[in-house]
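Participant: I'd like to go over a predicted model; first the sequence, then the structure.
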Amino acid sequence: MHHAPLVIGGKTLAEASDGIGESRDPSTGEVIGTFARAGLTEVDQVVAAARHAFDNGPWTRMRPFERGRILRRIGELMLERRDDIARLESRDSGKPLRDAYWEVDCSARFFEYYAGVADKQHGTSIPLGRGIVDWTVKDAIGVSLQIIPWNYPFQLIARGVAPALTAGCAVVIKPASDTPLSAYEFLKICQEAGLPDGQVNLVNGRGSLIGDALARHRGVDQITFTGSVPTGQRVLEAAASHAIPCNMELGGKSPQILFADADMEKALPIIAGGFLTHAGQVCNAGTRLLVERKAHDDIVSRLHDHIRKINIGRALDDPDMGPVINAGHKAEVEGFYELAESEGQLLMGGNLPLEAGLAGGAFVRPALVTGISNTARIAREEVFGPILSVIPFDTAEEAVAIANDSDFGLVAGVHTASIDHAMHMAQDLRVGQVWVNSFGIGLDVEFPFGGYKLSGFGREKGLEAIGAYQQIKNVCVRFG
Ligand SMILES: NC(=O)C1=CN([C@@H]2O[C@H](COP(=O)(O)OP(=O)(O)OC[C@H]3O[C@@H](n4cnc5c(N)ncnc54)[C@H](O)[C@@H]3O)[C@@H](O)[C@H]2O)C=CC1
Ligand SMILES: CCCC(=O)O
C-alpha cells in the first residue's frame, strides 16, 4: 500500500492536521493508497517554506546553467523509474498503462526541454540615446502555487513545475484528492536530483479548504490551475483578493471538422482517439464532430463499428479504454447518456467488463450522439467522458460558425485533403491550437498550449510558458 506524505521545506511528514485520506483504483474501487491530508496549519507552513527557499535559498542565486543540470537530472530519473511511476499512475488514475507510460515520458521531456532553456533567459537592451543605458531583466516571480487535477497528475505537475523552476521560482504543489500518489514520487526525484529543500513542496488535501486558503495566501505570488471552469473561477476570485496573476487551463468542447474530401481511413482512428483517450477525460478531447453532410452517414457507420470493438477493462491490463475516475463521475457521464437520448439518437459501443473483481470499477461505454444541432446541451457542455456529438454542415463557412459557437475555445482538429479548407480553418477558428489531419497529444512539449474564452488564458508548454513565472524588471542608467 502506498502512502503519500506531505513534503514541506525538505521534511517528509507522514501525518497532517486533516487526517489521512484514501485513494482508490477506479478499475476496481479498491483502496490502493493513503495520503496525509493537510489542513490550514500546513498551509501556513508550506507557504513559509517555499517563501524561505525563494527569498534565502540557493536556487535563485545559482547560475542558470547549474539549475539546468539539476532539471535535466530530474528528467533522467523519471525515465529510470518509468515502470514504477507508470504502473502507479495507471492504477491511481485509471488510464490504460500505455497512456501512463506516455505520461511519464512526456514529463521527462518537460524537464529535458526546460533544462536547455534555463541559461537562455536574456533580457533586452533598449536604445535611449547617448548617456543612457537601459535594459530589462527577467526576474523569477516568486512562489508559484500549482493546483493539479486528477486526469494527468504526474504530467501536469511536470508541465507547470519545470518552467517555474527554470525561471527561478519556488513551488507549492496541491494535487487532486482522487490521484494523490504520484506527486510524492515526483518530490522524491526532485530531492534525489539535488533540488534544494523547500524549492518544491507538496501538500495533498481538500481543494475547498487548502486549495482556497493557498490561493488566498499573501505568500503566494502566482497560480497555475488546471481543472473545471467553476473551480477555476473560484481560484481567480481568491487570486484577485491579493491581485496575483494566474495561468488558467480550463475545459473544452473541442470540434473535429471532417470534410468529405478527407482520407476517411486515416481520419477515423484520429477522430476516435480524440474523444476516447483516457475515457474522454482530457481537457482538449475532441468531443464535437462537425462533418460535411455528404460524409455524415459513412463516418457515423465507420465510427459505430469502431467503438463497438473497443475493449474496456482494468487500466493495468492496458485495454483500449479504462474506467472514469470514480463512481460519482460515472453517474455524471451516465446522466449525459440520458440527456443525449432525449436530444437525439444515442449509439453505444464497447463491452463493459463484468468479471469478478471489476464489478466495483467506474466503467462507462463510448457513445455517439447523432440527430442533434449545435444548440443541444450535449453539444455544448463538457462531459469529461467518451461521448462524441456528431453535427452535419454544408459549407466551410458554416463549419467555422458552428465550431466557434461555443463557450470554449481550447483546440480544434481539421480533416481534409484541401489546403484551402485547412488554411481557412486555421485562420478563422477561435481556439488556442488547430491540428490539421491530426489531433491530440504527443510528446510535443515544444509548442504552446492554452485556450480562448472559457477554456482559460495563459500558455503552458514551449517557450511561452516561462513568461508566467517571470517579472520583467527595467533598469535605466544615466551616465556621464
Ligand atoms: N481541464 C481539465 O483538464 C480538467 C477538467 N475537469 C472538469 O472538472 C470536473 C470536476 O472535476 P474536479 O476534480 O471536481 O475538478 P476541480 O476543477 O474541482 O479540481 C481541480 C483541482 O482544484 C482543486 N480545488 C477544488 N476546489 C478548489 C478551490 N475552491 N480552490 C482551490 N482549489 C480547489 C481540487 O482539489 C483539484 O486539485 C470534471 O468532471 C471535468 O469536467 C477536471 C479535471 C481536469
Ligand atoms: C494532456 C492534457 C491534459 C489536460 O490538460 O487535460
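Facilitator: Perfect, thanks for sending it. Predicted model, so just to flag it, every value in this text is computed and none were measured. Ligands and ions are numbered 1, 2, ... in the order given.

Participant: need the longest helix for this protein.
Facilitator: Using DSSP state H, we find that the single longest helix of the chain is helix 97-117.

Participant: check contacts around the closest residue to ligand 2 within the stretch 101-250 of the chain.
Facilitator: Closest contact between the stretch 101-250 of the chain and ligand 2, by Cβ to the nearest ligand atom, is at residue 152 (4.4 Å). The C-beta positions use only the backbone N, C-alpha and C, and glycine is treated the same way. By Cβ atoms under 8 Å, 6 or more residues apart in numbering, the contact set of residue 152 is 93, 103, 278, 282.

Participant: hang on, the earlier thing: elements contacting whatever helix or strand comes next after the longest helix of the chain?
Facilitator: Later in the chain than helix 97-117, the nearest helix or strand by DSSP states H and E is strand 132-140. If you count contacts as 3 or more Cβ pairs under 8 Å, 6 or more residues apart in numbering; DSSP states H and E, strand 132-140 packs onto strand 470-478.

Participant: Give the other helices and strands that the strand it packs on contacts.
Facilitator: Using 3+ Cβ pairs under 8 Å, 6+ apart, strand 470-478 is in contact with strand 132-140.

Participant: re earlier: of the contacts of residue 152, which ones also sit close to ligand 2?
Facilitator: residue 282 (Cβ under 6 Å from any ligand atom).

Participant: Just the closest of the contacts of residue 152 to residue 39, please.
Facilitator: residue 93 (24.9 Å; Cβ to Cβ).

Participant: Quick check, pLDDT for the closest one.
Facilitator: At residue 93, the pLDDT value in this model is 98.

Participant: burial of the closest residue to it other than its chain neighbours, as a residue count?
Facilitator: Closest residue in space to residue 93, ignoring its immediate chain neighbours: residue 179 at 5.0 Å, by Cβ to Cβ, 6 or more residues apart in numbering. Using other Cβ atoms under 10 Å, residue 179 has 28 other residues around it.

Participant: coming back round to it: looking at the contacts of residue 152, spot the one nearest ligand 2.
Facilitator: residue 282 (4.6 Å).

Participant: The closest residue to residue 207 other than its chain neighbours is in what secondary structure piece?
Facilitator: Closest residue to residue 207 apart from its sequence neighbours, by Cβ to Cβ, 6+ apart: residue 231 at 6.8 Å. Assessed by DSSP H and E, residue 231 sits inside helix 229-240.

Participant: Let me know whether that helix sits next to ligand 2.
Facilitator: No: against ligand 2, helix 229-240 shows no contacts by Cβ under 6 Å from any ligand atom, the least distance being 12.0 Å.

Participant: And that helix, what does it pack against?
Facilitator: helix 212-216, strand 222-226, strand 246-249.

Participant: Try it again at 10 Å.
Facilitator: Packing partners of helix 229-240 (3 or more Cβ pairs under 10 Å, 6 or more residues apart in numbering; DSSP states H and E): strand 143-147, helix 212-216, strand 222-226, strand 246-249, strand 456-457.

Participant: could I get those as JSON lines with mean pLDDT and distance to residue 24?
Facilitator: Converted to JSON lines, the helices and strands packed on helix 229-240 look like this (pLDDT from 0 to 100; distance: least, Cβ to Cβ, whole Å):
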{"stretch": "strand 143-147", "mean pLDDT": "99", "distance to residue 24": "21"}
{"stretch": "helix 212-216", "mean pLDDT": "98", "distance to residue 24": "24"}
{"stretch": "strand 222-226", "mean pLDDT": "99", "distance to residue 24": "21"}
{"stretch": "strand 246-249", "mean pLDDT": "98", "distance to residue 24": "25"}
{"stretch": "strand 456-457", "mean pLDDT": "98", "distance to residue 24": "29"}
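
Participant: In TSV: the ones you listed, plus distance to residue 289 and mean neighbour count.
Facilitator: Shown next, in TSV, are the helices and strands packed on helix 229-240 (distance: least, Cβ to Cβ, whole Å; neighbours: other Cβ atoms under 10 Å):
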stretch	distance to residue 289	mean neighbour count
strand 143-147	31	28
helix 212-216	36	22
strand 222-226	25	26
strand 246-249	23	24
strand 456-457	23	22
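
Participant: can you put those in a markdown table and add distance to ligand 1?
Facilitator: Shown next, in a markdown table, are the helices and strands packed on helix 229-240 (distance: least, Cβ to the nearest ligand atom, whole Å):
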| stretch | distance to ligand 1 |
| --- | --- |
| strand 143-147 | 5 |
| helix 212-216 | 4 |
| strand 222-226 | 5 |
| strand 246-249 | 6 |
| strand 456-457 | 8 |
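
Participant: Among these, which comes closest to residue 477?
Facilitator: strand 222-226 (28.7 Å).

Participant: The closest one pairs with which strands, and in what direction?
Facilitator: The sheet places strand 222-226 alongside strand 143-147 (parallel), strand 246-249 (parallel), with pairing taken from DSSP bridges.

Participant: Export the helix or strand following the last one to PDB, keeping only CA atoms.
Facilitator: Read it as strand 246-249. Proceeding N to C from strand 246-249, the next assigned helix or strand is strand 255-258, under DSSP H and E. Extracted in PDB, the C-alpha atoms of strand 255-258 (Å, rounded to 0.1, in the frame of the first residue of the first chain):
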ATOM      1  CA  PRO A 255     -14.500  20.400 -32.500                       C
ATOM      2  CA  GLN A 256     -13.100  18.000 -35.000                       C
ATOM      3  CA  ILE A 257     -14.100  19.100 -38.500                       C
ATOM      4  CA  LEU A 258     -14.300  16.400 -41.200                       C
END
